Each structure stands twice: as C-alpha cells, then as structure tokens.
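*Asks:* Pasting the sequence and the predicted model now:
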Amino acid sequence: MELNMKKIKELAKKFLTREIILYAVFGVLTTAVNIGSFYLMLTFLHIEENLANNIAIVLSVLFAYFTNKNFVFRTKSKDFGSNFIEFCRFILGRLFTMAIESIGCALLFKYCPIPPIVSKSIMTVIVIILNFFISKFFAFKK
C-alpha cells in the first residue's frame, strides 16, 4: 500500500507542474469568458445567436492567447515580429484542434453507440491535451 502511495506522489509531482495547473485554471477562465460573453451578448445586447457565438469564440481565444503567453508559458517575445509569429502559431494550433474536434465528433456521432454529449466530452478532453502540447512546443516554444 505504501509503495502505491509513493508512486502516486511521484506521478502527481511529475504531472502537476506550475504550467499544467495554470493551464487548467486559465482554461476554466477561458471557458467562462466564452460562455459569459455569449450570455451577455444574447441577454443584454440582443445579438443574434450565431454572431454572439462567433464573437464569444474570438474573445475566448484572444483571452487564452494572452493568458497562456504571459502567465502559463511566460514567453518573452518583445518585438512585433516575434509576437506576431507566436500569435499566428497559436491560432494555427487552435484551428488544427478545432478541425480535429469537428471531424472526431462527426465520426463518433455517426459510428459510436454512445450519447452525443459523451462523444463531445471525449473530444474536448483530447483537444485540451492537444492544445497544451501545441502551445508548449509550437506556439510558445522558448
């Protein structure tokens, strides 16, 4: 029993790094920006649903970029060119995972006998993991 606890502690130490914890915190906040801004635009500004959704997505991706850049991966790009390349890499990564999520969900919806919300949840977890590695090793590489 003690050996298992030691292994669990080692795994936790290895995987619960500052980067991963901050990535999770800002991921939750990014989701809040997405849903919150969508709700505010619908409720108070009376913006059409699809337009509100697209604006909310843009706002949440921008929020994710700035929080990942400054707090999670702490990149030090100073000049416009470096920042622009980093931003483009981040957006390319998000477009890539959006395509994976769309294709993966379509396949799961059509061919797997599980509820759509479970399929969507599975793909969301995959996308979150992919986004972390794309951000760490492609968009915000040091």
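*Replies:* That came in fine, so what should we check first?

*Asks:* for the chain, what are the low-confidence residue spans?
*Replies:* Along the chain, the parts satisfying pLDDT under 70 run over 1-3, 142.

*Asks:* packing partners for the longest helix seen in it?
*Replies:* As assigned by DSSP state H, the longest helix anywhere in the chain is helix 80-111. Identification of packing neighbours for helix 80-111 by 3 or more Cβ pairs under 8 Å, 6 or more residues apart in numbering; DSSP states H and E yields helix 49-67, helix 116-134. Just so you know, the C-beta spots here come from the backbone N, C-alpha and C atoms, and that holds for glycine as well.

*Asks:* Need those in a markdown table (columns: mean neighbour count).
*Replies:* Listed next are the helices and strands packed on helix 80-111 as a markdown table, based on neighbours: other Cβ atoms under 10 Å:
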| stretch | mean neighbour count |
| --- | --- |
| helix 49-67 | 16 |
| helix 116-134 | 15 |
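
*Asks:* still on that earlier bit, direction-wise, compare the longest helix of the chain with helix 49-67 and give the angle.
*Replies:* Interaxial angle of helix 80-111 relative to helix 49-67 (axes from the mean of the first three to the mean of the last three Cα atoms, to 10 degrees): 130 degrees.
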